[in-house]
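A.B. asks: My questions concern the predicted model and sequence given below.
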Amino acid sequence: MKTLYIDCQMGAAGDMLMGALLELVPDREKFLKKFNQAGIPGVRIEAQKSVKCGITGTHMEVLINGEEEESLDLSSEEGNAHSGHSHVHFHGHDHHDHHTHQEHTHHHTHQKEAMDGEKPVHEHHEHVHGHHSHFPMEDITGIIDGLHVDNKVKEDVKNIYQIIAQAESQVHGRPVAEVHFHEVGAMDAVADITGCAMLFHELGAEQIIVSPVTTGYGQVWCAHGILPVPAPATALILQGIPCQAGKIEGELCTPTGGALLKYFATEYGRMPQMVMEKIGYGMGKKDFQAANCIRAILGEA
């Protein structure tokens, strides 16, 4: 049986998973061309060679309007871990001409410089988030429907994004219709999910087995406070999936990574007895003592 095994000892993020899967396909350039013609607004991806702990793999660079998204999560001590979160605002229907941002789940991480009393002071990224628009789930669904990809891929992407939206909705006690995703984070997630869905279909594995997922541990800084790792939305997504904290402080599993695994996995556990035919490594950006990668193994079981 054609089997895909996904090793998540260092957690899961959408770009890492896409990089690992890309290394398994026979024609990477053909896939990149197909993806970049799919029509995600302002998005282009590039595959970059990356080395972690002496292992060579692929880092997927997702460019939003020509710039790579820098949504990196921060632990209390270790600094940046994986990317994959999106800004989330909540827009009530009673706000009409102006929106009051009653909640701002700020999953972009800002480098902590100092503490002003008990209030964290952050160093912000170069792009000014307030100048970007925010998309409700309805708009994101419309963007997905307009992509130049197979209908099955579109359905998968919508279903996976819905997993994320439902988790954010439950965490913050608001209807999904009021969850508005920041433009940059939304397009980054659509890119990761679309790329992974396309690759899963191209590989055509009959079963997809996922290792227990390492979440990391500690805390993550957000605009309205400090959250535990895994972040609440990620924890909801990972319900029912074998997980472990691991030895790395920081956030290793993102909502996008968790949602992709939850949607595509047919079972969880150790690698079965199988003949390995291809092995792919998808790399994160952060350097740890352990190789910061997802490993995907394709073979016969």
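C.D. replies: Now that the structure is in, tell me what you want to look at.
A.B. asks: how near is the closest residue to residue 291 other than its chain neighbours to residue 186?
C.D. replies: Excluding the flanking residues, the one nearest residue 291 by CB to CB, 6 or more residues apart in numbering is residue 53, at 4.0 Å. C-beta: built from backbone N, CA, C; applies to glycine. Residue 53 is 33 Å from residue 186, where distance means CB to CB, to the nearest Å.
A.B. asks: Of these two, which one has the most company?
C.D. replies: residue 186 (26 against 11; other CB atoms under 10 Å).
A.B. asks: And the pLDDT for the residue nearest to residue 291?
C.D. replies: Predicted confidence (pLDDT) for residue 53: 96.
A.B. asks: do the same with residue 183
C.D. replies: 73.
A.B. asks: quick revisit: any idea how far the residue nearest to residue 291 is from residue 20?
C.D. replies: 16 Å.
A.B. asks: do residue 260 as well
C.D. replies: Distance from residue 260 to residue 20, by CB to CB: 11 Å.
A.B. asks: Same question for residue 279.
C.D. replies: Residue 279 is 9 Å from residue 20, by CB to CB.
A.B. asks: Which element, helix or strand, includes residue 221?
C.D. replies: strand 219-222 (DSSP states H and E).
A.B. asks: ok, now how distant is residue 137 from residue 256?
C.D. replies: Residue 137 is 15 Å from residue 256, by CB to CB.
A.B. asks: So between those two, which is more surrounded?
C.D. replies: Neighbours were counted for residue 137 and for residue 256 using other CB under 10 Å; residue 256 has more, 32 against 23.
A.B. asks: Just list what the helix or strand in which the more buried one is found packs against, helices and strands only.
C.D. replies: Assigned by DSSP H and E, residue 256 falls within helix 255-264. Contact partners of helix 255-264 among helices and strands, from 3 or more CB pairs under 8 Å, 6 or more residues apart in numbering; DSSP states H and E: helix 14-22, helix 151-172, helix 183-203, helix 232-237.
A.B. asks: can you tell which of these is closest to residue 298?
C.D. replies: With distances scored as CB to CB, the stretch of the helices and strands packed on helix 255-264 nearest to residue 298 is helix 183-203 (6.4 Å).
A.B. asks: Now do the closest one against helix 255-264, angle only.
C.D. replies: Interaxial angle, helix 183-203 versus helix 255-264 (axes from the mean of the first three to the mean of the last three CA atoms, to 10 degrees): 30 degrees.
A.B. asks: Go through helix 183-203 and flag the buried ones.
C.D. replies: Neighbour counts over helix 183-203 (16 or more other CB atoms under 10 Å) mark 183-200, 202-203 as buried.
A.B. asks: show me the contacts for the nearest residue to residue 276 once chain neighbours are set aside.
C.D. replies: Counting by CB to CB, 6+ apart, residue 299 is the residue found nearest to residue 276 once chain neighbours are left out, at 4.5 Å. Contact analysis of residue 299 by CB atoms under 8 Å, 6 or more residues apart in numbering lists 2-3, 5, 274-278.
A.B. asks: Off-centre distance for the helix or strand containing residue 299?
C.D. replies: Using DSSP H and E, the element containing residue 299 is strand 293-300. On the basis of CA atoms, centre = their mean, to the nearest Å, strand 293-300 sits 18 Å off its chain's mean C-alpha point.
A.B. asks: go on, stretch 12-32?
C.D. replies: The chain centroid and the centroid of stretch 12-32 are separated by 14 Å, computed with CA atoms, centre = their mean.
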